[in-house]
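S.K.: one predicted model, sequence on top.
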Amino acid sequence: MKFYNPVMETMPIEALRKLQSQRLFDMLSRQDQNVPFYTDKYQSLGLRPSDIKSIYDIKQLPFTTKEDLRNQYPYGMRAVPETDFVRIHASSGTTGKPTVVAYTRKDLDIFDEVVARSLVCAGARPGMKLHNAYGYGLFTGGLGMHGGATKLGMAVIPVSGGMTDRQIMILQDFNPEVICCTPSYAQTLAEECNKRGIDTNALAVKYAILGAEPWTEVIRNQVEAGLHVNATNIYGLSEIIGPGVSQEDFEEKGSGSYIWEDHFYPEIVDKDSGEPLDHGEEGVLVLTTLTKEAMPLTRYWTNDICSINYDPDGKRSHIKMSPIKGRADDMLIIRGVNVFPTQIEAVLGELDFVTPNYQIIVTRSAAMDEVELKVEIKPGADKHDVNLLNSVKHKIKENIGISVAVVLCDQGEIPRSTGGKLKRVVDKRI
Ligand code: ADP
């Protein structure tokens, strides 16, 4: 099995554009008729769905922001009666009050479909077992992966996040071939297996599907070596559907994640002006839900920074997105230089005496942002060795152009993920 849905996943671009155009028109008509928020917005801009003749006209439409969803809390964005809801989720609330999302039966079918495609793309196959260590509950991760895996014909082990002892028992005794969780929790599991002297090569698990937070090749290397898995990226957000908006192929690693374009239309725009950017340029990812019924969103400003590009060598026709550098508001401005925590993480990978366990502490003194980087060293290295400390400082300065205060720490000093997303930045600015 190469694809879950070969027709859709390999559809020629021209046919895909036609489908997207039709779906966009239908979705806008439903919004215009049923969502007062959009009716008012389109009216005030003098827009009618019939003005939008093709997907290329999407740029005329206004953005929808997280703030809009918060203002319409909880169900103001709904395009169907509440009695048609079959599930309600919420965002994790990483950046404030969670936003609420509802699903109709058809929305859940779409969710299952895109997750099933993502699983196959990651190497999973019907008949395999999925160790699902994403949180079950309001967070879309657990139930989202669960539904897609069931649709694909996998056996789901619904462990949820946390309770690491139990996770390891399941890895050892239940023989799952596939695991999904946050990348930081996969780091925790890899470390724990190592501590306990478990031969991970002997475990059945061969594929790890990691997402819900930014991560780099440094963590991929640690997790792949530590758990003996092929680790790929899954991206998604509750407002659009949940995990499964995009997925990296296990045989095309490093070239980006396929966005399931027949359901979610992607654009990249300038983070300050909102102007559309070309393929390959880095900016904010904006997504339009082409098929969702309960809460269809037009040009949703994800605030996630990446670029998009077609891959002529890829197995599928859909566009790929680069790994997320961070949320636009995770960007630090250190003496005029813009820095994302993932850039610091990437540099750490070039130093053979440190581990990818780090924490960034941001403070402000005299209107200047200051960064302290705490990083754990590997066993055998001396945390008091000034040469080691200076080489971290120099490497960061050389690669990113900022000066940071460095503190080397022993193994275990820096917080680990206990099951979900890990906060690697402590912002002490007022
Ligand atoms: P919240 O925004 O409150 O964390 P969600 O749980 O819906 O709510 O998480 C969605 C967000 O998680 C995305 O907008 C993005 O910032 C982050 N995210 C999800 N998957 C990935 C990924 N693979 N890489 C980087 N960031 C991701």
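M.R.: Structure's in. What do you need?

S.K.: which residues does the worst-scoring helix or strand of the chain on mean pLDDT contact?
M.R.: When the helices and strands of the chain are scored by mean pLDDT, DSSP states H and E, strand 332-334 comes last with a mean of 88. Residues from elsewhere that reach strand 332-334 (CB atoms under 8 Å, 6 or more residues apart in numbering): 338-341, 360, 362, 369-371, 402-404, 425. All C-beta atoms are positioned from the backbone trio N, CA, C, and that covers glycine.

S.K.: again, 7 Å this time
M.R.: Residues from elsewhere that reach strand 332-334 (CB atoms under 7 Å, 6 or more residues apart in numbering): 339, 362, 369, 371, 402.

S.K.: same check, this time on stretch 248-256
M.R.: By CB under 7 Å, 6+ apart, the list of residues contacting stretch 248-256 from outside reads 121-123, 207, 230, 232-233, 257-258, 309, 311, 314-315, 320-322.

S.K.: farthest pair in those residues?
M.R.: Greatest spatial distance among the contacts of stretch 248-256 (CB to CB): 207 and 309, at 24.6 Å.

S.K.: between the two, which has more neighbouring residues?
M.R.: Shown here are residue 207 and residue 309; by other CB atoms under 10 Å, residue 207 has more neighbours (22 against 17).

S.K.: part of a helix, is residue 194?
M.R.: Yes - counting by DSSP: H, G, I helix; E, B strand; the rest coil, one finds residue 194 located in a helix.

S.K.: helices of the stretch 301-430 of the chain, start to end?
M.R.: 341-348, 386-400 (DSSP state H, counting those that start in this stretch).

S.K.: pull up the pairing partners for the biggest strand by length in the chain, direction included.
M.R.: Scanning the chain for the strand with the most residues, using DSSP state E, yields strand 354-365. Strand 354-365 has its sheet partners listed here by DSSP bridges as strand 368-377 (antiparallel), strand 425-427 (parallel).

S.K.: just give me how far it sits from the chain centre.
M.R.: Distance of strand 354-365 from its chain centroid, counting by CA atoms, centre = their mean, to the nearest Å, is 22 Å.

S.K.: ditto for stretch 329-343
M.R.: Taking mean C-alpha positions (CA atoms, centre = their mean), stretch 329-343 and its chain are 19 Å apart.

S.K.: next, see if it gets close to the ligand.
M.R.: No - Stretch 329-343 lies out of reach of the ligand by CB under 6 Å from any ligand atom, never closer than 8.5 Å.

S.K.: flag every buried residue along that stretch.
M.R.: Buried residues in stretch 329-343, defined by neighbour count with 16 or more other CB atoms under 10 Å: 330, 332, 334, 339-343.

S.K.: which of the strands paired with strand 354-365 sits most buried?
M.R.: Of all these, strand 368-377 has the most neighbours on average by mean count of other CB atoms under 10 Å, namely a mean of 19.
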